[in-house]
Each structure stands twice: as structure tokens, then as C-alpha cells.
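Enquirer: Structure for this input, please:
(one chain, ligands or ions: 2)
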Amino acid sequence: MKTKFNLWEACVRVYANVILKNIKDAKISPGPVVVTAAAFLISSFVMINSEKDVSGALGRMLLLLMLYILFIFIGGIKLVGRNLHNSEIYLLAALTSLYIIAAALAKNLLVNNDFFPVSILLPTALVIMLPSILIGPYLALAWAFALPLAGFLLGCFDMPAYIIALASGIVASRALHNAERRIDLVKAGVHIAAANCVAVIAVMLMRHLPVKEYPFLLFCAAFNGIASGMLVLGILPLLENGLNAATTFRLIELSDLNAPLIRRLFTIAPGTYSHSFMVAQLAEAACQEIGANSLLARVGAYYHDIGKMEQPEYFVENQAGYNKHDAIPPRLSATILRSHVKLGVEKARGMKLPKQVVAIIAEHHGNSVIQFFYHKALEQEKEVSVEDFSYPGNPPRSRESAVVMLADTSEAAVRTLEKKSATKIEEFIQTLITSKLEHGQLAESDLTFRDLETIKKAFVRVLASYYHSRIEYPKENKERKESVSTTAERG
Ligand SMILES: [Fe+2]
Ligand SMILES: [Fe+2]
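Expert: Ligands and ions are numbered 1, 2, ... in the order given. Alright, predicted model coming up:
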């Protein structure tokens, strides 16, 4: 019997497979999808109330929901470089639904007004700027194209309203490029106001509107842009806390060396403070050259060893002549060293530091073995479990985290070199990087071999002109191999 090919059924099957596969790959719980669908349903009720063609409105809404969900799963990887977090999916669902509901309501409000474009009443720039700051500018740019198009397809916007929303959204997604202070949001608002005014003039000229309509429409367009910037300024701190996001503004605030915790680190553990500062210089320089987030790496480096503040005297950079580890068994030494990672993570979570910074703290030693004390224990005990002498974290999962790990190891190790010529430093850092590679510590970080070469050169450049003397462990320079492996425990 010949089976009749059903195009719609085939499309739905392909779509369902893509969605299911992406949910599985992204390890995302179905919760955000359900919430998103619910938000779209609420939007569709508002739409239906404003439409005579009920089934048409519902059909368009369903189509958009399908495309939206697909975009969320695929867009995360393509536009942000990672899967979106559930909280980010909720945020996008909320913003999209509120925007569509507002568009439907505004259309109802202006039903008898042919001159006034609906989108001037909507904070399109606000809805684009928030994801731009909190998630990423490329996702926001795609959103700036998608949202006005959704308004147009749903019948909320006519062509003028669509053009104005598009101009406002695109400028909003780029207006925060290089923004470093919160006051830059107000400046972005001014840029958006200017873009809105240009779009309004273009639309008015195209429609041959009477000149007397110009002042009011231009005022509304300018007000829309400036109000969007001001609203972002007010809403952002709440969302930054809610999403625990590493926005540029938040990272710049955290990178202030006068921040209370950094000042305490300086007082309690000056050696660790100095080491962290140097690691930050190295990580920032390297990240700038490989195109990673240098600000995140700098902040991660400042905070990576905050777990040492509980017992600073057990870490070599804070010791002045007397090594406390000489008086305790190697197993206890390893426990103290291991604990600084866990304590650091707890402290960072307690301070509500961004997730990415907490990840750098948790991963800066990966799961490497504390070789020095492991070998010391082997000399004293018959059976020694390598797990007892391994750091409790995962190998770095981001480029920034991996760069901080390499900077940490390099900074600590190069201090112990006797003759610090550029050639010697380069050879030594190459050995350290190779060692990390061979022990699988860079396997999950997405760093390429070309990145590693660039990182090495950046480290050599910075270290060759800047380092401090360092107190050595006993047997430090016994042999190069032992030195390379031992350095991991000092970062
Ligand atoms: Fe450390
Ligand atoms: Fe360190």
C-alpha cells in the first residue's frame, strides 16, 4: 500500500527530534520550556482579545513559540558559546512575553490613530539591552531582529512600527559596546534616542505626514530611548543579583583593589595578595591576546586564593623563613592545601560572587596531585591513595579558568627559578604547560594549541620584566621534573 507523504507531519517530527536532542545535549530540564510555553499562552490570550481572526492569531503564536524554543537551544551555543542557563531562558521568556503583550495592548490603544507607530510606546531598547548585558551582545543582536519581526508577524506592528522597533533594537544591542560604568547606560539611552528620531523622521517622510505631527512624534521617540537607558540602570542591579551574572559593570566593581575582601587579603596574607595580583596581570595579558574575557580572568585571579585567608601561614608565599609543614605529617599538609579551594568557593558563594568567578576559584588547581607531599608520604607510608593528595576541583571548563590555572602555576614556578632570563622563563613555562596538558588539566577548556603558544608568549613577556623573590620549599631545585610537578601546590 502506498503511504501518502504528509509534509506537516514530517516537519513536526523533525522539529520534535531537534528539540528533544537539544534538551538532552544541553542537559536542560523541561521546566524552562514549560514556563516559556505558558508565557506564550498568556500572550496569545491578549493577542486573541485584540484580534478578530482568533484561529489566525493562535496559529501565528504557536509558530513563533516553536521557533522561539528552537532559537533558545541552538542560539545559546551559536551566539553565546555555551548552553543558556535556566535562569537566562526564564529571563528571555519573560521579556519576550511581556513585549508581545505590551505590543498587543498598545495596538488596541492606538486602534484609531493612523499616525502614531505602536512601537514608540514600547521599550524595545530596554528588552534588548538587558540580554545584551546579562547574556551576550550577539544574542541580543539576534533578539533585536527577532522581536520586532515577531511583533510584525503577529499583526501588532505595521511597517512603520516595525522599522522603528528594528532601528531601536539594533542600536540598543550595540550601544553598550565597551561600556564600563553604569553611567554609560544613560549615554546608550541618548544614542538610542537619536536612532529612534532618525527612524521616525524616515517613516514620516515615507508616509508624507503633515509637519505639525513631527514635534510630538520626535519627542516620544527621544523619550523612549532615554527612558529605556534609565530603566536599565534601575533594573540591572536586581537582575545581576538574581542571575548572579558576571556583567562588565559588576566585574569592574569587583576588580577594585580597595574592595573589602581584597584589602583583608592584603592585611592577612600579603604574600598571597602579591601572588594574586601578579597572576591577574598574566591572565589578563594572555586573555586579551587569545580574545577571551580578560576582565573575568583578572577578577578570577584576584579572588582565586581567597581560601588561603583561613590559614595563610601554611602557604609558601606567606612564610618568612619557617615552614610550618616541616612540623606536620605530609597527609595533614595535603589536607590543608586541598582545603583552600573548598574554603575559597564557600567564601565566594557567601559573598554572592558571579558563577564564573566561583568556577575559576573551584577549578584553578583542577584535580591535580599535590606531588611534593604525595612523594613525601610515599617515603613514609606503604600505601598511599593518590586521591588523598589530589585537589577536589574539576579541570577548568572555560578558557578564562584555564588561563588563570596556567598563570597561577607559572607565576608560582617562575619565582623559584634562580636565573630568570627570558629564554629560561620560556623553556620553564613550556614545561609547565606540557605537564598540565599531559595530566589532562586542559582537556575541557576549549583552548587550542595556538592559544597555548600565545598564552606562553604573553606570560614570558610579562614575567621577564616583573617578578619577586620567593621563599623556596626544601629540596626545591633537586631536579626540574620534581620542581614542575611541585609547583601546582603553591598556586
Ligand atoms: Fe590556589
Ligand atoms: Fe594561586
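
Enquirer: show me what contacts Asp446?
Expert: 398-399, 402 (Cβ atoms under 8 Å, 6 or more residues apart in numbering). From N, CA and C alone the C-beta is placed, and that goes for glycine too.

Enquirer: make it 7 Å
Expert: The contact partners of Asp446, by Cβ atoms under 7 Å, 6 or more residues apart in numbering, come to Arg399.

Enquirer: how much space between it and ligand 1?
Expert: Taking Cβ to the ion, to the nearest Å as the measure, Asp446 falls 22 Å from ligand 1.

Enquirer: ok so that residue is a strand residue?
Expert: No: membership of Asp446 in a strand is not supported by DSSP: H, G, I helix; E, B strand; the rest coil, which gives coil.

Enquirer: May I have the phi/psi pair for the residue of the stretch 301-450 of the chain found nearest ligand 1?
Expert: Proximity of the stretch 301-450 of the chain to ligand 1 (Cβ to the ion) peaks at Asp305, 4.6 Å away. Dihedral angles of Asp305 (phi, psi; degrees, to the nearest 10) stand at phi -110, psi 30.

Enquirer: is it true that it touches Thr272?
Expert: Yes: contact criterion Cβ atoms under 7 Å: Asp305 and Thr272 qualify, at 5.1 Å.

Enquirer: Of the two, which one has the most company?
Expert: For Asp305 versus Thr272, neighbours defined as other Cβ atoms under 10 Å are more numerous around Asp305 (28 against 23).

Enquirer: residues touching that one, list them.
Expert: 272, 275-276, 340, 344 are the contacts of Asp305 under Cβ under 7 Å, 6+ apart.

Enquirer: how does it look with 8 Å?
Expert: By Cβ under 8 Å, 6+ apart, the residues touching Asp305 are 269, 272, 275-276, 315, 340, 344, 364, 491.

Enquirer: hang on, the earlier thing: and the residue of the stretch 301-450 of the chain closest to ligand 1, what pLDDT?
Expert: Note on Asp305: pLDDT of 94.

Enquirer: May I see the buried residues of the longest helix seen in the chain?
Expert: Secondary structure of the chain per DSSP state H: the longest helix is helix 214-243. Across helix 214-243, burial judged by 16 or more other Cβ atoms under 10 Å covers 217-218, 220-222, 224-229, 231-233, 236, 239-240, 243.

Enquirer: in this structure, what spans have low per-residue confidence?
Expert: Low-confidence segments of the chain (pLDDT under 70): 1-37, 39-54, 56-58, 60-61, 63, 66-78, 111-114, 467-491.

Enquirer: element containing the residue in the stretch 1-150 of the chain that ligand 1 sits nearest to, please.
Expert: Nearest to ligand 1, among the residues of the stretch 1-150 of the chain, is Arg82, at 24.9 Å (Cβ to the ion). Per DSSP states H and E, Arg82 falls between elements, in no helix or strand.

Enquirer: what's around it, how many residues?
Expert: 13.

Enquirer: just to revisit the earlier point, for the longest helix of the chain, packing partners?
Expert: Packed against helix 214-243 by the contact rule (3 or more Cβ pairs under 8 Å, 6 or more residues apart in numbering; DSSP states H and E) you find helix 86-109, helix 124-134, helix 159-175, helix 184-207, helix 248-254.

Enquirer: hmm, the next helix or strand after the shortest one in reach of ligand 1?
Expert: Looking back up the chat, that one is helix 248-254. Moving toward the C-terminus from helix 248-254, the first helix or strand encountered (DSSP H and E) is helix 260-268. No: using Cβ under 5 Å from the ion, helix 260-268 stays clear of ligand 1, coming no nearer than 12.6 Å.

Enquirer: Give me the next element, helix or strand, following helix 260-268.
Expert: Next helix or strand after helix 260-268 toward the C-terminus (DSSP H and E): helix 270-290.

Enquirer: just checking, Asp184 touches Val190?
Expert: No: contact status for Asp184 versus Val190: not in contact, 10.4 Å apart, counting by Cβ atoms under 8 Å.

Enquirer: higher neighbour count, these two?
Expert: Higher neighbour count among Asp184 and Val190: Asp184, with 18 against 14, using other Cβ under 10 Å.

Enquirer: nearest residue to the more buried one other than its sequence neighbours?
Expert: Leu176 (6.9 Å; Cβ to Cβ, 6 or more residues apart in numbering).

Enquirer: ok, the one you found - contacts?
Expert: Going by Cβ under 8 Å, 6+ apart, Leu176 touches 129, 132-133, 137, 184-185, 188.

Enquirer: Ok, His325 next?
Expert: 314, 333, 373.
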